[in-house]
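In: sequence first, predicted coordinates after that:
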Amino acid sequence: MKQQTLAMAADQEVGFEQYRRPTRRDVFLSAMEQIVPWSALCAVIEPHYPKPGNGRPPVGLERMLRMYFVQHWFNLADQACEEALLDSPALRRFVGIDLGRERVPDATTLLKFRRLLEHHELGAALFAQVGDVLEDRGLKVGTGTIVDATIIAAPSSTKNADKARDPDMHQTRKGQQWYYGMKLHIGVDSRTGLAHSAAVTAANVHDKHLLEDLLHGEERRVYGDSAYASQKALIGEHAPHAKDFSNQRVRKGGEVDEAERNRNKSRIRARVEHVFAVVKRLWGFSKVRYRGLEKNANRSFVVLGLANLYLARARVAG
């Protein structure tokens, strides 16, 4: 056991603030401490992580992973994440930093860690590992899949060093509104409400073109909005036993029965919005942070894995 320093004692507020109560951040971090499978996720990264050598020893892998997750949960840039750890005792306790002994890993260290994950495409591997862990805990993928896509906005301004927009991003029209950015496509299990597959494209790619990447093949039912209408042949090719429960387009003055069936399907299809609500509203991933699809795809997979853990927290903890 390490001897406790004055800085750590101050962080733990040993008996000095008798009227303090846990904040929502404290409660959230405590839940994530218990729910996140740290050892399993570290095992995914460990083969690619720098080993101690003749130079300065690397920061501990789990510590960097915790800092990286804090960045996603609170939607922080690299520099902002470093400063948040310097400012917040709750975040330092979660990451495991004692300012009496060591510095907070700086923004450059976090940047290098993120680039390591991007270079080896470990975001997708972490997402898959979370799925395996949840399945081992009884949250198995069922026979119904809900498919949907959401637009993640990107800066459309050309007031930058390159005098140009991000070439990987494109614009698309939704209703009477134009949007510029990328699309996050996901497949969600209709029983558990957890994402089991995902893909990232530019915003101008139609939702139906990613349908095959969102099916696991064992479906009995496939739900989607009207963007996936008339895709029975494609569904039959990639999920032979599945029936198409996508909403069908109903023209003005069309059949009342079809409109009613769409409403019934939408009650199930709405579960996909819970995932998007966590990703975009709770985690703040409504706008891209980086240029290029690859970097943002890596972030998308990590955030979806964290969203699955958050949505399943009550069932896993129980």
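Out: Ah, there it is.
In: please count neighbours and contacts with C-alpha atoms only from this point.
Out: OK.
In: using CSV, write out every CA atom in stretch 96-109.
Out: C-alpha atoms of stretch 96-109 as CSV (Å, rounded to 0.1, in the frame of the first residue of the first chain):
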residue,chain,number,x,y,z
GLY,A,96,-6.5,7.1,-9.9
ILE,A,97,-4.2,10.2,-9.7
ASP,A,98,-2.6,11.5,-6.5
LEU,A,99,-1.3,15.0,-7.2
GLY,A,100,1.0,14.6,-4.2
ARG,A,101,3.0,11.9,-6.1
GLU,A,102,2.4,12.4,-9.8
ARG,A,103,1.3,14.8,-12.5
VAL,A,104,-2.0,14.4,-14.5
PRO,A,105,-1.2,12.9,-17.9
ASP,A,106,-1.0,15.9,-20.2
ALA,A,107,-3.0,16.6,-23.4
THR,A,108,-0.2,15.4,-25.6
THR,A,109,-0.2,12.0,-23.8
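In: show me the contacts for Ala149.
Out: 183-186, 207 (C-alpha atoms under 8 Å, 6 or more residues apart in numbering).
In: next: Ile146.
Out: So Ile146 contacts 187-190, 222-224, 269, 272 (C-alpha under 8 Å, 6+ apart).
In: could you do Ala198 as well?
Out: 184-187, 213-214, 301.
In: now the buried members of those.
Out: Burial by neighbour count, 16 or more other C-alpha atoms under 10 Å: within the contacts of Ala198 this picks out 184-187, 214, 301.
In: among those residues, which ones are in helices?
Out: Phe301 (DSSP state H).
In: of the buried ones among the contacts of Ala198, closest to Arg101?
Out: Among the buried ones among the contacts of Ala198, Phe301 lies closest to Arg101 (C-alpha to C-alpha), at 34.1 Å.
In: roughly how far does that closest one sit from Ala128?
Out: Look at Phe301 and Ala128: by C-alpha to C-alpha, to the nearest Å, they are 9 Å apart.
In: which residues in the stretch 51-200 of the chain form strands?
Out: Along the stretch 51-200 of the chain, counting by DSSP state E, counting those that start in this stretch, strands occupy 144-153, 170-174, 177-189, 195-202.
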